[in-house]
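Participant: Quick one, what's the 3D model for this:
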Amino acid sequence: MSWRDLLQDASFRGVSFGVRTASGTFGRRVETHKYATAKGEKKQLPFSRDIGRKERSFSIAGFVVGANYFAERDEIIIACETHGAGELVHPYFGRKQVICRACNVTENSMEGGYAAISMTFVEAGDEAWLQAADTTADVIDAAAAEAENFISDDYVDNIQIDDQPQFTLNDILRGINEVVIIANGLKSRAYGAVDQLQILKEQVEDLERIGESLVNAPADLFNKVLNIFNAVPISDSESGPEFFETDTSENISIVVTENRRVFNSMVCLAQWSSMARVVPSLNFGNATAALNWLELFLQRLDNLNLIMGDATCGAVSYANSLIGNYINKLAVDLPRLVDFDNDGRGSLPSIVIAARLYDDPNRELEILENNDIVNPFFCNGDEKDPLLVYSR
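Facilitator: Down below sits the predicted model:
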């Protein structure tokens, strides 16, 4: 059997097309850092860090030709614009689940009955979010615990302490002291809970007392940091998720600079784990608040640009998919904030609106709070500026 026998007819979502050329892009995701010397001169060699496999993409220069090419061209455009992943039959790489990133169509009067179509696809990956159907507090807790093992391994593997000069180790101690400062700032979040406050106080004192010895015991250090953030929930349904970072500024030493990023990643991921574990205990008043919390949680974590190995990245992504699944299912059963106008009746008292909407005048406080209304006797709601009310 020759290589020609192995070629497959190209198609996307069942729509066939001819192929002139086809290519694929593979490799690793790399962060490259440049450092300055004490005199400000650039070092000749930068430092590049491998942060995981790059998404695979496929580019195809295809075409449709013939009397019916208009219809065939339009079918390809529809297939490329359809939401979600679809099956690409690549002539050289076989069947792939992909999403079409771009589709460019070129036609000219000199080549009648012919359209050149350039398409770029990116692999869809696993839809873990949709697979996480039965999400409970125990499932999320177990996923966070599994991720913690990988986070700890990442820190142990990446922090550079062996045969390092004292100033490098001192910089890690400086990071530990920053965690102490962050932890002391968390005391106000205990909201008068004596037990929480006492546990946090003990954890912080313990970290201060043995911080220097933990510099050379990275696994124990991670556990201490994790215990601090687990002592007091960092997030609630009202204030939203918030990450506290340690110093990651560049230093004269390449090792110190990299250690700072590794240390900060460990601290932020410890905070992420503590947030993940408390998600099932969060109380959201409405679906909008729940979905906004989820969006902020995922967005702020993504913006941190953390150092994570492939195993850690996969475990964190899986736990996040469980969290997303849990909150999305929760939001279905929560009331939603919707627009309401008075149908041209002008200002109405909030108690009247509550009675008309819910047959319950006692719910007027919801209307006042959601719209920051000062005078409950004058609630204006019209097409241009509707009131926000619960759907039920």
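Participant: for the chain, what spans make up the helices?
Facilitator: In order along the chain, the chain carries the following helices (DSSP state H): 3-6, 69-81, 128-131, 137-158, 166-185, 194-214, 218-231, 254-278, 287-303, 310-332, 350-358, 364-371.
Participant: pLDDT value on V180, please?
Facilitator: Per-residue confidence (pLDDT) for V180: 89.
Participant: Contacts only, for it.
Facilitator: For V180, the set of contacting residues under the criterion of CB atoms under 8 Å, 6 or more residues apart in numbering consists of V204, L207, E208, G211. In short, each C-beta sits where N, CA and C put it, glycine included.
Participant: 10 Å instead?
Facilitator: Residues touching V180, when contacts are defined by CB atoms under 10 Å, 6 or more residues apart in numbering, comprise Q203, V204, E205, L207, E208, G211, I228.
Participant: Check L365 too.
Facilitator: Residues counted as contacts of L365 (CB under 10 Å, 6+ apart) are S350, I351, A354, P376.
Participant: Output the longest strand belonging to this structure.
Facilitator: Ranked by residue count and defined by DSSP state E, the top strand of the chain is strand 94-106.
Participant: avg pLDDT for it?
Facilitator: Averaged across strand 94-106, the pLDDT comes to 90.
Participant: How about that strand, which residues are buried there?
Facilitator: Within strand 94-106, the residues scored as buried using 16 or more other CB atoms under 10 Å are K96, V98, I99, C100, C103.
Participant: still on that earlier bit, show me which pair in the contacts of L365 is furthest apart.
Facilitator: Between all members of those, the longest pairwise span (CB to CB) is found for A354 and P376 and amounts to 10.0 Å.
Participant: Tell me which of these two has more neighbours.
Facilitator: Comparing A354 with P376 by other CB atoms under 10 Å, the one with more neighbours is A354, at 21 against 15.
Participant: ok, now how distant is that one from S321?
Facilitator: Per CB to CB, to the nearest Å, A354 is found 39 Å from S321.
Participant: Select, out of the helices of the chain, the one closest to E111.
Facilitator: Closest approach to E111 among the helices of the chain (CB to CB): helix 69-81, 10.4 Å.
Participant: Which strands or helices does that closest one pack on?
Facilitator: Applying 3 or more CB pairs under 10 Å, 6 or more residues apart in numbering; DSSP states H and E, one finds that helix 69-81 makes contact with strand 11-12, strand 15-16, strand 57-65, strand 86-90, strand 94-106, strand 114-123.
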